[in-house]
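>>> Below: sequence and its predicted model.
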Amino acid sequence: MNRIARIGLAVGLGALVVTVGYAIEASGSEHDALGPGVVRVEVGIENSRFDLGPLRVQEGTLVEFVVQNDDPIDHELVVGDEDVHRRHASGTERRHPPVPGEVSVAPGDRALTFYEFSEAGSLVYACHLPGHVAYGMQGTIQVVPSG
Ligand SMILES: [Cu+2]
């Protein structure tokens, strides 16, 4: 990729992140939650931090998580309920096979996973590599009923 194309991509991704950030920061009803339909959410990881705050998603929305790992170590994104996270927290899987909402991201790599938020409720996203949740690599996802 040449330099101009790279700058264009960076600007494009920046605009996308701003759009998502705006949607998250508003509060209240389903109108400020992501969705409905298919929504792409860019997730950056740097210094073992997700650049993503709490998410609000409308029930029934299919989210494409595009995860960019800018660290020199492995990370992962796991989306799910308490049971899913308990299993990962006590598990020993270093890499995840393709499971919706679960993806490993090698150093400097970019990976994606899809997750359909089919029921209203509270979910969590996290990285379960040893010590990463304790360091802060987790966040909440509120799935709100669609209007
Ligand atoms: Cu991690």
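Alright, I've got the coordinates.
>>> When you work out contacts or count neighbours from here on, use the C-alpha atoms and nothing else.
Will do.
>>> and the residue of the chain found nearest the ion, what are its bridge partners?
Closest contact between the chain and the ion, by C-alpha to the ion, is at residue 75 (3.8 Å). On the basis of DSSP bridges, residue 75 is bridged to residue 105.
>>> Isn't it up against residue 68?
No - when contacts are counted by C-alpha atoms under 8 Å, residue 75 is not listed as touching residue 68 (9.7 Å).
>>> who's more crowded, the two?
Neighbours were counted for residue 75 and for residue 68 using other C-alpha atoms under 10 Å; residue 75 has more, 30 against 21.
>>> So the more buried one versus residue 90, what's the distance?
Distance of residue 75 to residue 90, given as C-alpha to C-alpha, to the nearest Å: 16 Å.
>>> What of residue 55?
In terms of C-alpha to C-alpha, residue 55 sits 25 Å off from residue 90.
>>> Could you check which of those two has the larger neighbour count?
Each of residue 55 and residue 90 has its neighbours counted (other C-alpha under 10 Å); residue 55 has more, 21 against 10.
>>> Skipping its backbone neighbours, what lies nearest that one in space?
residue 141 (4.6 Å; C-alpha to C-alpha, 6 or more residues apart in numbering).
>>> in its sheet, what does the host helix or strand of the one you found sit against?
Assigned by DSSP states H and E, residue 141 falls within strand 138-144. Strand 138-144 has its sheet partners listed here by DSSP bridges as strand 55-58 (parallel), strand 121-126 (antiparallel).
>>> Thought residue 56 was touching residue 139, still the case?
No - contact criterion C-alpha under 8 Å: residue 139 and residue 56 do not qualify, at 11.1 Å.
>>> of those two, who's got more company?
residue 56 (24 against 17).
>>> Surely that one touches residue 144?
Yes - taking C-alpha under 8 Å as the definition, residue 56 is a contact partner of residue 144 at 7.1 Å.
>>> Name the residues contacting each of those two.
Residues touching both residue 56 and residue 144 (C-alpha atoms under 8 Å, 6 or more residues apart in numbering) are residue 33.
>>> ok, residue 82 - contacts?
By C-alpha under 8 Å, 6+ apart, the residues touching residue 82 are 123, 124.
>>> same question, residue 143
56, 57, 58, 59, 117, 119, 120, 121, 122, 123.
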